[in-house]
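Engineer: I would like the atomic coordinates for the input below:
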Amino acid sequence: MAETFETLKAKLGDWFGVDTARLPDSVRGDTINLIQRQIMRRHDLRFGETTDTLALVAGTGSYTLPTLWSRPLNLWYTNPSTNSVTSLQRQDRDEFDLLYPDTTDTGTPLNYTVWGSSLIIGPTPDQNITLNRNYYAILTDLADVSPNNTNDFVAQAWEVLFYGSLAYVARYMLEDSRIAVLEAKFLELEADLVSEHRRERSSGRIPQSQEPG
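Structural biologist: As a prediction, the model looks like this:
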C-alpha cells in the first residue's frame, strides 16, 4: 500500500509506542512537513522542479514571486515581434539598478533580479510578453485527505521523510538513546536521495568526444 501523510503520522506513533496525548497528531504532521521543507531547502531535488508562465505587461517591471519560490533556474521568452528566443540574465540588485536606474524607461527585457518577494525585469517591458519560468519551489505542506496527503516526495522517498521525522521526534520526546542512530540513518537516506537526483541529471545525455580536433 502506498504511503500517505496519514500513514506516516500513524507510523511515527507506532515506532515510539505513544498515544495521541504524548505525541499529538498535529505535532506528527508538523514534524513531517518541517522535515520536507528542510530537505527541499538544502538540496535541488527534482521534486521541486517547477515550470510556469508569467504574463509580463507593457510598462510594468515588478512582479510578485510565487509563494513557494526557492530559486530560479532559467527564465526565457519568445519575442512576439521577432519570434526570437531570449534568455534573461540574472543581475545582483546593485548591478541591476546601475543598468536600469529609471524604471519608466521601457525596452526589450534582457535581465532580471530577485529582491525580497519580487521578480524585477529590466528594462521594463515595452510590450506584453509571456515569460517562461523554470525554478525550484518548496513543496506545499502535506495535509489530510487526498489529493493533499501525498506528493512525489512521499510516493518515491517516503523513508527519507520518515526517518527525518523519527530523529526529530526522538529529540522532542527526549529519547536520547535513539537520537544518534535515527539521525545517522536519516542522513544516510538523505545522501542516497541527493545522489540519485544528481546522477539523474547526467543520465541520458549523448557522450561528447574529448579527442582534440
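Engineer: I'd like to know how far the residue most central in space within the chain sits from Phe162.
Structural biologist: Taking C-alpha atoms, centre = their mean, the centroid of the chain lies closest to Ala137, which sits 2.7 Å from it. Going from Ala137 to Phe162 by C-beta to C-beta, to the nearest Å gives 22 Å. (Each C-beta comes from the backbone N, C-alpha and C, glycine too.)
Engineer: just Met40 next, same as before
Structural biologist: Where Phe162 is concerned, Met40 sits at a distance of 16 Å (C-beta to C-beta).
Engineer: So for the two, which sits in the more crowded spot?
Structural biologist: Neighbours were counted for Met40 and for Phe162 using other C-beta atoms under 10 Å; Phe162 has more, 22 against 19.
Engineer: And the host helix or strand of that one, how far out from the chain middle?
Structural biologist: In this assignment (DSSP states H and E), Phe162 forms part of helix 152-172. Computed by C-alpha atoms, centre = their mean, to the nearest Å, the separation of helix 152-172 from the middle of its chain amounts to 17 Å.
Engineer: who does that helix touch, helix- and strand-wise?
Structural biologist: Helix 152-172 sits against helix 5-16, helix 25-42, helix 176-202, with contacts defined as 3 or more C-beta pairs under 8 Å, 6 or more residues apart in numbering; DSSP states H and E.
Engineer: quick one: contacts of it?
Structural biologist: 2-5, 8, 11-12, 15-16, 23, 27-28, 31-32, 34-36, 38-39, 45-47, 139, 142, 175-176, 178-179, 182-183, 185-186, 189-190, 193 (C-beta atoms under 8 Å, 6 or more residues apart in numbering).
Engineer: Please apply the same query to stretch 65-80.
Structural biologist: Contacts of stretch 65-80 (C-beta under 8 Å, 6+ apart): 40-41, 48-50, 52, 56, 84-88, 90, 108-109, 112, 114, 117-119, 127-140.
Engineer: one more time with 6 Å
Structural biologist: 85-88, 117, 119, 129, 131-138 (C-beta atoms under 6 Å, 6 or more residues apart in numbering).
Engineer: buried subset of those residues?
Structural biologist: With burial judged by 16 or more other C-beta atoms under 10 Å, the buried subset of these is Thr86, Leu88, Leu119, Ile129, Leu131, Asn132, Arg133, Tyr135, Tyr136, Ala137, Ile138.
Engineer: for this protein, what are the low-confidence residue spans?
Structural biologist: Along the chain, segments meeting pLDDT under 70 span 204-213.
Engineer: let's see it at 90
Structural biologist: 1, 15-23, 80-81, 171-178, 200-213 (pLDDT under 90).
Engineer: okay, now Pro125: neighbour count?
Structural biologist: 20.
Engineer: ok, the spatially closest residue to it that is not a sequence neighbour to Trp115 distance?
Structural biologist: Nearest non-adjacent residue to Pro125, counting by C-beta to C-beta, 6 or more residues apart in numbering: Leu56, 4.7 Å away. Distance, Leu56 to Trp115, using C-beta to C-beta: 17 Å.
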